[in-house]
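Engineer: below: sequence and its predicted model.
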Amino acid sequence: MKEEFERNQHLKYYNNWRKIYYQFNNKYSSKPSSSHLNEVCETKYYIETTLIRKMHTPLLITDNTLSSLLAMSFEQTHILLDSTTFYIKDIRDMTDTPFNTIVFQLDAPPLKSKEHSDTIMKRYFSQKPLNYSIIQYIGKSLGYHHRCPFVSGYEMFVPEKGSANDSTSWYGLHHILYATENKKSNCMHVHFRENHELQLMISARSFNDQVERAAILSLLQQVVIDELASLYHYTHTPYFTDELNIVQRRLKESTFTSVLHPMEKVMHFMSSFRLHEMLEKVLGEGNPYIDEIRKDFMVQLKNKPSSFNE
């Protein structure tokens, strides 16, 4: 009796649903609806549903919450960073887990891997137009000898410590909206998109220096891109149109000052720096002949295009 009652109830709901569905799609279907559960009606159209795993709860990332974050993470053999990645955490010092890196994404659960962070970052750098070694060289010419930010168009990652010979953590400036200083703990409380938060164990001075470096490198790239694009009468459009990140805000501040140079002058400066570096390596630092040789070489380099036109 109970089973018959439940069957009639399900049949009632099912028939009501079919009636509404066929009324909505009556111009596509030539067959009338049926009240029989075992009858299959053929239609020209079907509904396809795709389930996308998304993270709706903002994360608080601190040393104290790493254990719980690891528990909710999904294991990956090889991790490929994408545009939603905002933090790569080196966790080799955690003795209670076999994993070495945890990667955080804006709209999905974290990923954990036994790969070291330097392996993951090298894989990411290899996919970009300019490898990190080139960005480091450009940064070195500007005086950034340690912890140079990686700036590739819109995406900007900063190492928490020197990454030349070892793994380290990386935070994405392009997803940071603002940051506040905790003077008591001498750290920064960083706020990412989607309301994710990170306790970054660096000083405010160090953090702001990295924002400044990334802003200058970003502006330098933009100048070169605009110079090249102008040759073909293209226009540059922003990658994001939503809320500005912390670097974009810095570029718009009235206190940010930077002298814009034409691309020819920038390339001339880079050539001069490269020559000086090579001469110091060959002749030794502080050699009195370095300036004289560099001066003669740069004069010849500057006059070289004109000799082609003669």
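Structural biologist: That came through fine.
Engineer: number of nearby residues for the closest residue to Leu130 other than its chain neighbours?
Structural biologist: Of all residues not flanking Leu130 in the chain, Ser152 sits nearest, at 6.0 Å (CB to CB, 6 or more residues apart in numbering). C-beta: built from backbone N, CA, C; applies to glycine. A count of neighbours around Ser152, defined by other CB atoms under 10 Å, yields 21.
Engineer: what's opposite Ser152 in the beta bridge?
Structural biologist: Beta-bridge partners for Ser152, by DSSP bridges, are Glu155.
Engineer: Arg123 against Ile88, yeah?
Structural biologist: No. Counting by CB atoms under 8 Å, Arg123 sits too far from Ile88 to count as a contact (11.4 Å).
Engineer: common neighbours of these two, please.
Structural biologist: Taking CB atoms under 8 Å, 6 or more residues apart in numbering as the criterion, Arg123 and Ile88 both touch Leu81.
Engineer: more neighbours, these two?
Structural biologist: Under the criterion of other CB under 10 Å, the comparison of Arg123 against Ile88 puts Ile88 first, with 26 against 14.
Engineer: just to be sure, that one is in a helix?
Structural biologist: No. Under DSSP: H, G, I helix; E, B strand; the rest coil, Ile88 falls outside any helix and is assigned strand.
Engineer: pLDDT at it, what is it?
Structural biologist: pLDDT for Ile88: 97.
Engineer: next one: Val103
Structural biologist: Val103 is assigned a pLDDT of 97 by the prediction.
Engineer: next, it: secondary structure please.
Structural biologist: With three-state DSSP as the basis, Val103 sits in strand.
Engineer: separation between it and Glu75?
Structural biologist: Relative to Glu75, Val103 is positioned 11 Å away (CB to CB, to the nearest Å).
Engineer: before we move on, what about His191?
Structural biologist: Where Glu75 is concerned, His191 sits at a distance of 28 Å (CB to CB).
Engineer: between these two, tell me which one has more neighbours.
Structural biologist: More crowded of His191 and Glu75, by other CB under 10 Å: His191, with 16 against 11.
Engineer: just name whatever secondary elements the helix or strand where that one lies is in contact with.
Structural biologist: For His191, the host element (DSSP states H and E) is strand 187-192. Counting contacts by 3 or more CB pairs under 8 Å, 6 or more residues apart in numbering; DSSP states H and E, strand 187-192 is packed against strand 176-182, strand 197-200.
Engineer: to Asp166, which of these lies closest?
Structural biologist: Shortest separation from Asp166 across those is recorded for strand 197-200, at 18.8 Å, computed as CB to CB.
Engineer: which of the residues in the helix or strand following the closest one are buried?
Structural biologist: The helix or strand immediately downstream of strand 197-200 is helix 204-230, counting by DSSP H and E. Neighbour counts over helix 204-230 (16 or more other CB atoms under 10 Å) mark 207, 209-211, 213-221, 223 as buried.
Engineer: so for helix 204-230, mean pLDDT?
Structural biologist: Mean predicted lDDT for helix 204-230 stands at 88.
Engineer: which elements pack onto it?
Structural biologist: When contacts are defined as 3+ CB pairs under 8 Å, 6+ apart, helix 204-230 sits against helix 132-141, strand 150-152, strand 155-159, helix 246-252, helix 263-283.
Engineer: redo these as CSV? Include mean pLDDT.
Structural biologist: Rendered in CSV, the data for the helices and strands packed on helix 204-230 read as follows (pLDDT from 0 to 100):
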stretch, mean pLDDT
helix 132-141, 87
strand 150-152, 93
strand 155-159, 95
helix 246-252, 89
helix 263-283, 71
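Engineer: that concludes my questions; thank you for your assistance.
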